[in-house]
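Asks: compute the structure for the input listed below.
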Amino acid sequence: MAQKDYSQLAQAIVAGVGGKENIDSLIHCITRLRFYLKDESKAKTEEIKALDGVINVQKASGQYQVVIGNQVTAVYDAVIAEIGTEFAGEDETAQVVAATTRQQNLTPWGHVKEAFNQLIGVITGAMSPIVGILAAGGILKGVLAMLTMPQLGALLSAKSEAYIVLSTMGDSVFYFLPMLVGFTAAKKLKGDPVLTAVIGGVLVHP
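Replies: Numbering: from 1, shown residues only. Just a heads-up that it's a prediction; the model follows:
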């Protein structure tokens, strides 16, 4: 395919995803253009699929992915020339290309380990932002337990207002944990944090 055809294809793809104004950023792997769109509902998927040079269109990981094949780098360059270099995610593209290449070269056992590592990455990414408040809640509950121990003179009554307020503060972190994890996990996976927090709220509903 000649270079001028890449330019024509790039223009058609940009128009198909809703125009330049609907694009947040663009990266690519070894076969796909990966758009981050402001509103995926504006994309004309069937029209893009019908373009000469496009193999398929998929939506995954918060991305609108246009499958191009081996010519993806040239098409990517043409699209960036069309919309502007400010939309290019060069660092993320390099990471994705490296990860995709590594994925293709994995053995079956390597795929298992890669999937496990990705799972650990998601769990770590979801829990890391709330480790501090979990620790604070645990410490607060521990201090309250010590203050109410008869061996230490029961410095604080378990029926006092101060105890009830502080205990509620310590418990709230763990009570609302599903909502907190849902929110942070969605941010890690580039999903809708509010929606997942609401789903987590269903789990804590009495």
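Asks: give me the nearest residue to P178, chain neighbours excluded.
Replies: G200 (3.7 Å; Cβ to Cβ, 6 or more residues apart in numbering). For glycine as for every other residue, the C-beta is placed from the backbone atoms N, C-alpha and C.
Asks: from L180, how far out is that neighbour?
Replies: For G200, the distance to L180 equals 7 Å [Cβ to Cβ, to the nearest Å].
Asks: ok, N70 - how many residues close by?
Replies: 8 (other Cβ atoms under 10 Å).
Asks: thought H28 was touching it, still the case?
Replies: No. Contact criterion Cβ atoms under 8 Å: N70 and H28 do not qualify, at 11.9 Å.
Asks: show the backbone phi and psi for N56.
Replies: When quoted as degrees, to the nearest 10, the phi and psi of N56 stand at phi -170, psi 170.
Asks: what is the neighbour count of it?
Replies: Using other Cβ under 10 Å, N56 has 14 other residues around it.
Asks: next one: T168
Replies: As a measure of burial, T168 has 10 neighbours, counting by other Cβ under 10 Å.
Asks: next, it: secondary structure please.
Replies: Look at T168: counting by DSSP: H, G, I helix; E, B strand; the rest coil, its state is helix.
Asks: that one and S7: what is the separation?
Replies: With Cβ to Cβ as the criterion, T168 and S7 are 63 Å apart.
Asks: now G53
Replies: 11 Å.
Asks: next one: K59
Replies: According to Cβ to Cβ, K59 stands 26 Å off from S7.
Asks: settle it for me: which of the two has more neighbours?
Replies: S7 (16 against 13).
Asks: and the residue located most distally from the centre of the chain, its phi and psi?
Replies: Centroid-distance maximum for the chain: G153 at 50.1 Å, with Cα atoms, centre = their mean. Backbone torsions for G153, taken as degrees, to the nearest 10, come to phi 90, psi 10.
Asks: that's all I had, so thanks and see you.
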